[in-house]
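Trainee: Prediction below, plus the sequence it came from.
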Amino acid sequence: MGGSCRPGSADAESFSRSFSRSFSRLPGSFSSDMQRVVIVTGANSGIGLALCERLLMEDSQLRLCLACRNMQRAEAARSALLTSHTNAQVDLLHLDVGSVQSVLTAAQEVKARYSRIDFLYLNAGIMPNPQVNVKAFFKGLFSRNVINMFATAEGLLTQQDRINSDGLQEVFATNLFGHFLLIRELEPLLCQASQTSRVIWTSSSNAQRSAFSIEDMQHRNGTEPYSSSKYASDMLSLALNRHKNKQGLFSSVICPGLVMTNLTYGILPSFFWTLIIPIMFLIRIFTNTFTLTPYNGAEALHWLFLQKPESLDPRAKYHSLTSGLGKNYTQPRQMDIDDNISEILYSKLLQLESTVRGKVTETTTADKLNSRT
Ligand SMILES: NC(=O)C1=CN([C@@H]2O[C@H](COP(=O)(O)OP(=O)(O)OC[C@H]3O[C@@H](n4cnc5c(N)ncnc54)[C@H](OP(=O)(O)O)[C@@H]3O)[C@@H](O)[C@H]2O)C=CC1
Ligand SMILES: CC(C)CCC[C@@H](C)[C@H]1CC[C@H]2C3=C(CC[C@]12C)[C@@]1(C)CCC(=O)[C@@H](C)[C@@H]1CC3
């Protein structure tokens with residue numbers, strides 16, 4: 001476990017000041033006359049939307065792009081952001097990360113609109129049809145593992161996944177592969193010699209090694225696709241750093257803690273949450289992982305925005321934490337990752353990418369032929 005990085009502490013403040021000074025001296029990197037471009041996937045609600053709000057509070061000159069699958073919700077999020085940041089530049093991008101064609105089209109649009117990407121927040125995620133193992137919950141409640149159970153939900157949650165229209169497992173496609181394909185498509189912008197770019201994954205402490213199998217990276221045969229996809233994103237981040245740091249691309253992962261959002265409200269009926277909300281604030285006294293609000297959950301995402309990429313640990317997951325008194329801070333914790341498996345995952349993802357690209361080309365050619373006849 002690494003040291004904590006509390007905002008407002010002498011450490012964090014002086015680091016942040018010296019960072020702004022030294023970073024602006026890096027050749028070709030951000031300087032005050034350049035507008036930073038930040039793209040956030042799944043920006044229309046929850047942690048993604050709270051992050052956008054926090055980023056605009058930090059830098060009102062940003063060019064912020066909300067990449068969302070539902071344009072009505074995206075428009076509503078944009079209006080909400082503009083209410084508090086009247087002059088902000090907030091763009092919308094249609095992106096369904098769970099669809100190969102949508103990712104390819106959106107990436108073309110990004111390349112047409114922007115000449116640089118400073119931050120790409122890979123935040124969109126799903127946990128479909130979650131089931132809570134009530135027996136395991138009560139067993140855990142009276143065990144020594146109780147704090148860990150509340151922090152990670154280890155052994156508590158299963159989901160029912162399905163195959164999407166691209167023939168991929170939906171959770172894998174949305175939480176991992178769509179984002180991987182997006183990075184690959186945007187490499188010309190993300191890997192520029194003249195500047196550094198950052199990709200930041202919203203992972204989870206529910207990412208467990210035991211839920212992932214390299215022989216079944218899509219998790220076709222298991223019941224924990226969410227945990228598997230998040231563990232895969234941790235491994236992919238490490239592999240991306242190995243392969244792309246020299247080209248100026250840096251990847252990090254965070255865990256927002258337990259946050260009350262559409263995703264968590266989907267786990268149990270809403271009356272249940274209403275009943276236990278006071279208990280959850282009580283639990284916060286014993287575990288700092290109950291961040292509860294999207295604003296608190298976005299702490300590590302916001303903290304990473306302020307850090308120099310070279311100072312970050314590629315093997316760390318950055319956790320948003322909230323103390324019993326409601327103080328937010330970010331803490332790096334070492335991830336349990338095997339370098340070989342992360343390398344194999346990276347090459348398997350490259351293989352899958354070329355397969356899906358082949359399918360897209362076939363379909364486009366067939367469509368063209370059909371339209372001629
Ligand atoms: N809440 C929590 O306790 C935790 C959350 N996380 C992670 O945080 C991230 C954000 O989730 P959270 O804010 O909690 O939940 P929300 O459901 O509020 O946010 C998820 C966002 O992802 C979007 N999204 C889902 N599928 C797609 C898709 N195919 N294409 C584009 N966008 C999509 C949603 O859009 P739409 O509105 O259209 O559904 C929504 O904007 C997720 O990756 C989640 O796994 C990690 C740990 C804990
Ligand atoms: C009496 C009931 C059966 C009580 C059930 C409590 C659970 C619903 C929660 C206990 C720990 C929670 C948790 C998450 C969801 C809700 C719980 C399982 C997450 C899995 C949500 C998404 C994440 O990515 C994790 C970091 C969360 C970990 C804790």
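Mentor: Okay, I see it. Residues are numbered from 1 along each chain as shown. Ligands and ions are numbered 1, 2, ... in the order given.
Trainee: From now on I want contacts and neighbour counts done on CA atoms only, so please keep to that.
Mentor: OK.
Trainee: Arg184 - how many residues pack around it?
Mentor: Each residue near Arg184 was counted by other Cα atoms under 10 Å, and the total is 15.
Trainee: typo on my end, Val90
Mentor: Close neighbours of Val90, defined as other Cα under 10 Å, add up to 20.
Trainee: repeat for Ser251
Mentor: Residues within reach of Ser251, counting by other Cα under 10 Å, total 26.
Trainee: can you check Pro128 too?
Mentor: By the measure other Cα under 10 Å, the count of residues near Pro128 is 18.
Trainee: Also the one 5 residues further on?
Mentor: Number of residues near Asn133 (other Cα under 10 Å) recorded here: 13.
Trainee: Likewise for the one 5 residues further on?
Mentor: Under the neighbour criterion other Cα under 10 Å, Phe138 is assigned a count of 11.
Trainee: next structured bit after the host helix or strand of it?
Mentor: When secondary structure is defined using DSSP states H and E, the element that contains Phe138 is helix 134-141. Next in sequence after helix 134-141, counting helices and strands by DSSP H and E, comes helix 146-152.
Trainee: From the contact counts, what lies against the next helix or strand after that following helix?
Mentor: Under the assignment DSSP H and E, the closest C-terminal helix or strand after helix 146-152 is strand 157-159. Contacts of strand 157-159 with other secondary structure elements, assessed using 3 or more Cα pairs under 8 Å, 6 or more residues apart in numbering; DSSP states H and E, are made with strand 130-132, helix 225-244.
Trainee: let's go with 6 Å and repeat that
Mentor: Strand 157-159 is packed against strand 130-132, with contacts defined by 3 or more Cα pairs under 6 Å, 6 or more residues apart in numbering; DSSP states H and E.
Trainee: how distant is the strand it packs on from the center of its chain?
Mentor: Put simply, strand 130-132 sits 22 Å off its chain's centre (Cα atoms, centre = their mean, to the nearest Å).
Trainee: What are the buried residues along it?
Mentor: When burial is assessed from 16 or more other Cα atoms under 10 Å, strand 130-132 yields the following buried residues: Pro130.
Trainee: quick one, the top helix by length along the chain and helix 225-244 angle?
Mentor: The helix that spans the most residues within the chain, counting by DSSP state H, is helix 339-372. Orientation of helix 339-372 against helix 225-244 (axes from the mean of the first three to the mean of the last three Cα atoms, to 10 degrees) gives an angle of 100 degrees.
Trainee: helices or strands up against helix 339-372?
Mentor: The elements that helix 339-372 packs onto, with contact taken as 3+ Cα pairs under 6 Å, 6+ apart, are helix 225-244.
Trainee: Please name every helix or strand in contact with whichever helix or strand comes after the helix it packs on.
Mentor: Counting by DSSP H and E, the next helix or strand C-terminal to helix 225-244 is strand 249-255. Using 3+ Cα pairs under 6 Å, 6+ apart as the contact definition, the elements that strand 249-255 packs against are strand 197-202, helix 225-244, strand 316-322.
Trainee: near ligand 1, anything from the shortest one?
Mentor: Yes. Taking Cα under 6 Å from any ligand atom as the criterion, strand 197-202 and ligand 1 are in contact, through Thr202.
Trainee: Any chance you could list what contacts that strand?
Mentor: Outside of strand 197-202, the residues within contact range by Cα atoms under 6 Å, 6 or more residues apart in numbering are 118-123, 190, 249-254.
Trainee: so how far is the longest helix of the chain off the chain centroid?
Mentor: Taking Cα atoms, centre = their mean, the mean C-alpha location of helix 339-372 is offset from the chain mean by 23 Å.
Trainee: what is the mean pLDDT for it?
Mentor: Per-residue pLDDT values across helix 339-372 average out to 90.
Trainee: Give me the buried positions along it.
Mentor: Judged by neighbour count (16+ other Cα under 10 Å), helix 339-372 contains these buried residues: 341-343, 345-346, 349, 353, 356-357, 360.
Trainee: near ligand 2, which residues of the stretch 51-200 of the chain show up?
Mentor: By the rule Cα under 6 Å from any ligand atom, the part of the stretch 51-200 of the chain lying against ligand 2 is 134, 137, 150-153.
Trainee: Give me the neighbour count for the residue nearest to Thr287 when sequence neighbours are not counted.
Mentor: Using Cα to Cα, 6 or more residues apart in numbering and skipping the chain neighbours, the partner closest in space to Thr287 is Ile147 (6.6 Å). Burial of Ile147, expressed as a neighbour count using other Cα under 10 Å, amounts to 17.
Trainee: got the contact list for Ile117?
Mentor: Ile117 makes contact with Val37, according to Cα under 6 Å, 6+ apart.
Trainee: likewise Cys65?
Mentor: By Cα under 6 Å, 6+ apart, the contact set of Cys65 is 39, 90-92.
Trainee: Buried subset of those residues, written for ChimeraX?
Mentor: Buried subset of the contacts of Cys65, written as a ChimeraX selection, criterion 16+ other Cα under 10 Å:
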select :39,90,92
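Trainee: Name the SS class of Pro332, please.
Mentor: strand (DSSP: H, G, I helix; E, B strand; the rest coil).
Trainee: Just list whatever residues bridge to the nearest residue to it once chain neighbours are set aside.
Mentor: In space, Pro332 comes closest to Tyr318 once its chain neighbours are excluded; the distance is 4.3 Å by Cα to Cα, 6+ apart. Each beta-bridge partner of Tyr318 is listed here: Ile254, Pro332, as defined by DSSP bridges.
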